[in-house]
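**Q** Test case, fold it:
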Amino acid sequence: MKTFISTLTLGCQRGAMVIAATILLAPITPAYSQSNIDSDGDGISDRYERIMKTNPNDATSTPADLDKDGLPDAHDLDIDGDGVNNWQDPFPRNAQEYSDSDGDGVGDRNDKDSDGDGFTNHDETVAGTNPNNKEDFPDSESPVLTVTALPEVVTESQLIVSGMAFDMGMGVSKVQVVNEDGRVFKAHFNYATHWRTLVQLSRGENLLQVAVFDKANNRTRKVISVRYEP
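**A** Model prediction:
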């Protein structure tokens, strides 16, 4: 054991009195947490071994520790050590898998169609869509558009144009009607597929362009003609 000696001198500036003292300093012993002791060197502390009812002095008696991080599985919030907590990990004992976008029991890393939308991850990557989002997939099919029949001649300057529109892919984004002046009249849906809008007409013949767009920006257009004679 080492003893540290320190001498302390006190004095007055004019030398009236000088006091000298020798102080013996006790040695400092580094603290070591009892919770870190691992008597048998099996990677699990004695404290956890006692909690788990294994023998802290026998390296062959040790709690299960899948990721070898020193925390027994029963007390480890991330058993496989993949960085995802057990309750958020569909595969808490598989460090290679931590997500299952379509819930089919196959991890995304080994699932050729991660989101279950019917398109392979490769096809979605090539198309620029998200392979982990079933609402985002390759869609090259144009939407369907119908326009309710209109009279050939009307006497009012405003006309209700209506019809149906739907898309079997990502769904309809919008329906609009453009008149000859270039004004755009956005349609509103009354039901899932039924749309209508109020269009301003010019005197004489009017060519109206009706268009439906889907969420992949595919479109279908129709041109209708109506004559306005006030």
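**Q** Return the distance of the closest residue to D80 other than its chain neighbours relative to N36.
**A** Sequence neighbours aside, A95 is the residue nearest to D80 in space, at 4.2 Å (criterion: C-beta to C-beta, 6 or more residues apart in numbering). C-betas here are computed from N, CA, C, even on glycine. Shown here: A95 relative to N36, a distance of 25 Å by C-beta to C-beta, to the nearest Å.
**Q** And the two? Which one has more around it.
**A** A95 (17 against 10; other C-beta atoms under 10 Å).
**Q** The more buried one contacts D78, correct?
**A** No: in this structure, A95 is not within contact of D78 by C-beta atoms under 8 Å, at 9.4 Å.
**Q** shared neighbours of these two, which are they?
**A** When C-beta atoms under 8 Å, 6 or more residues apart in numbering defines a contact, the residues bordering A95 and D78 alike are D67.
**Q** Would you mind giving the domain segments of this protein?
**A** 1-52, 144-228 (automatic domain parsing).
**Q** Okay, strands next: where are they in the protein?
**A** Secondary structure of the chain (DSSP state E): strands at 4-11, 18-25, 144-147, 153-154, 158-166, 172-178, 184-186, 188-189, 194-200, 204-214, 219-228.
**Q** Among those, single out whichever gets nearest to N110.
**A** Checking those against N110 by C-beta to C-beta gives strand 204-214 as the closest, at 31.8 Å.
**Q** other SSEs contacting the closest one?
**A** strand 144-147, strand 158-166, strand 172-178, strand 219-228 (3 or more C-beta pairs under 8 Å, 6 or more residues apart in numbering; DSSP states H and E).
**Q** what's the most buried one of these?
**A** For the helices and strands packed on strand 204-214, ranked by mean neighbour count under the definition mean count of other C-beta atoms under 10 Å, the leader is strand 172-178 at a mean of 19.
**Q** between it and strand 219-228, how many degrees?
**A** 30 degrees (axes from the mean of the first three to the mean of the last three C-alpha atoms, to 10 degrees).
**Q** what about strand 172-178, average pLDDT?
**A** For strand 172-178, mean pLDDT is 97.
**Q** where does the protein dip in pLDDT?
**A** Under the criterion pLDDT under 70, the flagged ranges of the chain are 1-35.
**Q** ok so, going back, residue contacts, the residue nearest to D80?
**A** By C-beta under 8 Å, 6+ apart, the neighbours of A95 are 67, 80-82.
**Q** are any of those residues buried, and which?
**A** Those of the contacts of A95 that meet the buried threshold are 80, 82, by 16 or more other C-beta atoms under 10 Å.
**Q** nearest to E180, of the contacts of A95?
**A** For those, the nearest to E180 is D82 (61.9 Å; C-beta to C-beta).
**Q** Nearest residue to that closest one in space, please, no chain neighbours.
**A** In space, D82 is closest to A95, 4.4 Å off (C-beta to C-beta, 6+ apart).
**Q** just K112 next, same as before
**A** With C-beta to C-beta, 6+ apart, the residue lying closest to K112 is T120, at 5.1 Å.
**Q** again with V147
**A** G163 is the one closest to V147 (C-beta to C-beta, 6+ apart), at 4.1 Å.
**Q** Please identify the deepest-packed of the domains of the chain.
**A** Highest mean neighbour count of these: domain 144-228, a mean of 15 (counted as mean count of other C-beta under 10 Å).
**Q** Endpoints of that one, how far apart?
**A** 28 Å (C-alpha to C-alpha, to the nearest Å).
**Q** what does stretch 201-219 give?
**A** Its start and end residues considered, stretch 201-219 measures 24 Å (C-alpha to C-alpha).
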